[in-house]
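> Just to be clear, the model below is a prediction. Sequence and coordinates:
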Amino acid sequence: MQSLIKIFKYSFYDVLRSRWTVLYFLFFLVSTFALLYFSGNMSKGIVSLMNVTLTITPLISTIFGVMHYYNSREFMELLLSQPIKRSNIFIGQYLGLAISLSFSFVAGTFIPFLSYGIFVSQEVWDFSLLIFTGAILSFIFVALAFLISILNENRIKGFGIAILVWLCMAVIYDGLILMFFVSFNDYPLEKAAVIMTTLNPIDLSRVMILLKLDISALMGYTAAVFNQSFGTTSGMIISLLSLSMWAILPIVLFNSFAKRRDF
Amino acid sequence: MVEVKNIEKSFGKLTVLKGVNVHILKGKVIAILGPNGSGKTTLIKCILGLVLPDKGDILVGGENIKNNWTYRNNIGYLPQIARFPENLSVSELFRMIRDLRKNQNTCSNSEKCCSELVSLFQVQTFLNKPLRSLSGGTRQKVNVILALMFNSDLYIFDEPTVGLDPISCVRYKETILKEKQKGKTILLTTHILSEVEEMADEIIFLMEGQIYYQGSPKELMANKKAHTLEKAIAKMLEEHEQIHTC
């Protein structure tokens, strides 16, 4: 346990020291201020920020995850010959990156909202949920990036696959769902819609936030189905559970690959 | 100290180790020799737990190393290719590794030991330089210091003298012999046979993933009626070739 904390510490500082996380923080700081300034009211600001968060956090987490894994291979190889449990090395690296990325994201979005007085407004819970979702998306996509990187020795290939996975989940998946619904629109599709939504963490996050915001105009088909079949509260719980599964499963898989790997 | 029982390992189609048995006694210097690609590094990495063997068991100090990591407290390892986190400075690297091994009793004297080694190998001027800016020889010195700074019972060196200048080479050998007198076990691979003649109590000659010869270098020289180890090994390999061509 102690070695896990130490490795986490080193990797956390290592990531924070790199200029990229600062840039990431500044990006969210500036864009959140801008969104709040232009939309003028907080709940509109939250919806706009949601759209930015749902695309950018997964993308940046994927890119950073792959880069960090390949860059710290030397460090991991050095640590592997030291008296440290294997899984601690890898989990420590993962936590170091995921937590520092979430930290940049949370700090970058929190400061503008704080200065606009989020704590005295009614949207404080909506905003907390948005921050939480962004953080958990960072964890999910760093985990996916690590999993892809350990399966590919070749960094160009690993990078390509990771970006492709992001592209599929952020863009292509929605189009596929739409095509699927259009072509099978004579059949009852509620169950299929629910299942297909849980298979994509980005959709899942969107549904979860929209359920909380309760803006039916923005819900779209999947969120409406979620709302209909589960109601707001249980819909949220189910999406939350599926999201945590998305964060846990890849990292468990990653760990089991790391245990069996030769270095 | 180290017992390797019937280890087999293959990477894909390539079989690297085909049933290797080694028994290493405490307080000896053992050299693993063999042509390139004969499995020396793989054998060493198996003992360290970096490579997981397909078959067989390895005991270090009586403990089975499978799913075990505490035994590495007692090992100082020098990898063949030194790979460090490039942004750290030399002293930061030393401090980090010491911090990671802090709670072990092998670490009690490491700070003093480290500064002694730093002045012995003349690395003082590089202490605050980032590792990426170091030359190959200096990296190797850092590597040697990292392996030696803990009071480990077993040292494993994978081609330690590659890139070292003659002075450092001599100092390295002296340090090793001093450690041996303290009752430490040393396992090393090398291609420099004069080094083996000077230091090794026993050699293990690996060929195509199997042990071809195991015994003291003097015995081998007497056996093959050669004056130097180099000639003895050349003779041994020639005989091996003849058997194969016949």
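Arrived safely. Numbers count the residues shown, from 1 in each chain, chains lettered A, B, ... in the order given.

> thinking A:Lys212 is in contact with A:Met236, fair?
Yes - A:Lys212 is within contact range of A:Met236, at 6.5 Å (criterion: Cβ atoms under 8 Å). For every residue, glycine as well, the C-beta is placed using N, CA and C.

> Now B:Glu86: phi and psi?
phi -70, psi -20 (degrees, to the nearest 10).

> Could you do B:Leu17 as well?
Here B:Leu17 shows phi and psi, under degrees, to the nearest 10, equal to phi -120, psi 130.

> ditto for B:Val2
Torsion angles at B:Val2 (phi, psi; degrees, to the nearest 10) stand at phi -120, psi 130.

> so what's it bridging to?
B:Val2 has these beta-bridge partners by DSSP bridges: B:Ile24, B:Val60.

> From A:Ser244, how far out is it?
From B:Val2 over to A:Ser244 the distance is 44 Å, taken as Cβ to Cβ, to the nearest Å.

> When the two are compared, which one has more neighbours?
B:Val2 (20 against 13; other Cβ atoms under 10 Å in any protein chain shown).

> who touches the residue sitting nearest the centre point of chain B in this structure?
The residue lying closest to the centre of chain B (Cα atoms, centre = their mean) is B:Phe157, at 2.0 Å. Applying Cβ atoms under 8 Å, 6 or more residues apart in numbering or on different chains, one finds that B:Phe157 lies in contact with B:77-78, B:147, B:186-189.

> switch the cut-off to 10 Å
The contact partners of B:Phe157, taken as Cβ atoms under 10 Å, 6 or more residues apart in numbering or on different chains, are B:31, B:44, B:76-80, B:143-144, B:147-148, B:172, B:176, B:186-190.

> Go ahead and report the secondary structure state at it.
strand (DSSP: H, G, I helix; E, B strand; the rest coil).

> Check what pLDDT it gets.
Listed pLDDT for B:Phe157 reads 90.

> and it, bridged to which residues?
Beta-bridge partners of B:Phe157, as defined by DSSP bridges: B:Leu78, B:Leu188.

> Quick check: neighbours shared by A:Lys212 and A:Met236?
Residues touching both A:Lys212 and A:Met236 comprise A:Leu129, with contact defined as Cβ under 10 Å, 6+ apart.

> so A:Gln2 makes contact with B:Gln104?
No - applying Cβ atoms under 10 Å, one finds A:Gln2 not in contact with B:Gln104, separated by 11.3 Å.

> neighbour count winner among those two?
Set side by side, A:Gln2 and B:Gln104 show more neighbours around B:Gln104, with 17 against 11, by other Cβ under 10 Å.

> which one is the more buried one nearest to, not counting chain neighbours?
B:Asn73 (4.6 Å; Cβ to Cβ, 6 or more residues apart in numbering or on different chains).

> was I right about the one you found contacting B:Ser152?
Yes - look at B:Asn73 against B:Ser152 with Cβ under 10 Å: they come within range, at 7.7 Å.

> who has more neighbours, these two?
B:Ser152 (23 against 18).

> Residue 86: neighbour count?
Here I'm looking at chain A. Around A:Arg86 there are 20 residues (other Cβ under 10 Å).

> my bad, the chain I had in mind was chain B
So B:Glu86, with other Cβ under 10 Å, has 13 neighbours.

> ok, and the closest non-adjacent residue to it?
Closest residue to B:Glu86 apart from its sequence neighbours, by Cβ to Cβ, 6+ apart: B:Arg132 at 3.9 Å.

> so where's the stretch 51-200 of chain A uncertain?
Along the stretch 51-200 of chain A, the model assigns pLDDT under 70 to no residue.

> For it, what lies in contact range of chain B?
Residues of the stretch 51-200 of chain A lying near chain B by Cβ under 10 Å from any Cβ of the partner chain: A:71-89.

> Give me the subset of the residues you listed lying in strands.
Using DSSP state E, no member of those falls within strands.

> Of the residues you listed, which count as buried by neighbour count?
A:72-86, A:88-89 (16 or more other Cβ atoms under 10 Å in any protein chain shown).

> so where do the helices sit in the chain?
In the absence of a named chain, this looks at chain A. A:2-17, A:19-39, A:42-71, A:73-80, A:86-115, A:124-151, A:155-167, A:173-183, A:190-198, A:201-213, A:216-260 (DSSP state H).

> ah, no, chain B please
Using DSSP H, helices in chain B cover B:40-48, B:90-100, B:110-120, B:136-148, B:166-181, B:193-199, B:217-223, B:229-245.

> anything in contact with each of A:Gln2 and B:Gln104?
With Cβ under 10 Å, 6+ apart as the test, A:Gln2 and B:Gln104 reach no residue in common.

> so what's the residue lying closest to A:Met42 once chain neighbours are set aside up against?
Spatial nearest neighbour of A:Met42, excluding adjacent residues (Cβ to Cβ, 6+ apart): A:Glu123 at 4.9 Å. By Cβ under 10 Å, 6+ apart, A:Glu123 lies in contact with A:41-43, A:45-46, A:113, A:116, A:129-130, A:213.

> residue contacts, the closest residue to B:Asp158 other than its chain neighbours?
Nearest non-adjacent residue to B:Asp158, counting by Cβ to Cβ, 6+ apart: B:Gln80, 4.0 Å away. Residues in contact with B:Gln80 (Cβ under 10 Å, 6+ apart) are B:40-41, B:44-45, B:143, B:157-160, B:162, B:189.

> how does it look with 8 Å?
Per Cβ under 8 Å, 6+ apart, neighbours of B:Gln80: B:41, B:158-159, B:162, B:189.

> How about A:Phe257?
A:147, A:150-151.

> Quick check: the gap between it and chain B.
Distance of A:Phe257 to chain B, given as Cβ to the nearest Cβ, to the nearest Å: 12 Å.

> cool, and A:Asn255?
From A:Asn255 to chain B the distance is 14 Å (Cβ to the nearest Cβ).

> Setting aside sequence neighbours, what's the nearest residue to that residue?
Nearest non-adjacent residue to A:Asn255, counting by Cβ to Cβ, 6+ apart: A:Ser87, 5.3 Å away.

> Alongside chain A, which residues does chain B contribute?
Within chain B, the positions lying close to chain A (Cβ under 8 Å from any Cβ of the partner chain) are B:11, B:45, B:48-52, B:69-73, B:75, B:77, B:79, B:83-87, B:96-97, B:99-101, B:103-104.

> ok, and the closest non-adjacent residue to residue 55?
Using chain A here. A:Ala170 (5.6 Å).

> meant chain B actually
Among residues not flanking B:Lys55 along the chain, B:Glu8 sits closest, at 4.1 Å (Cβ to Cβ, 6+ apart).

> Correct me if wrong: the residue nearest to B:Glu86 contacts B:Asn87.
Yes - if you go by Cβ under 8 Å, B:Arg132 and B:Asn87 touch, sitting 7.1 Å apart.

> returning to what we had before: and of the contacts of B:Gln80, the nearest to A:Arg206?
Taking Cβ to Cβ as the measure, A:Arg206 lies nearest B:Thr41 of the contacts of B:Gln80, at 50.3 Å.

> which residues sit in contact with the residue lying closest to B:Glu202 once chain neighbours are set aside?
Distances taken as Cβ to Cβ, 6+ apart place B:Ile30 nearest to B:Glu202, at 5.0 Å, with adjacent residues excluded. The contact partners of B:Ile30, by Cβ under 8 Å, 6+ apart, come to B:24, B:185-188, B:200-204.
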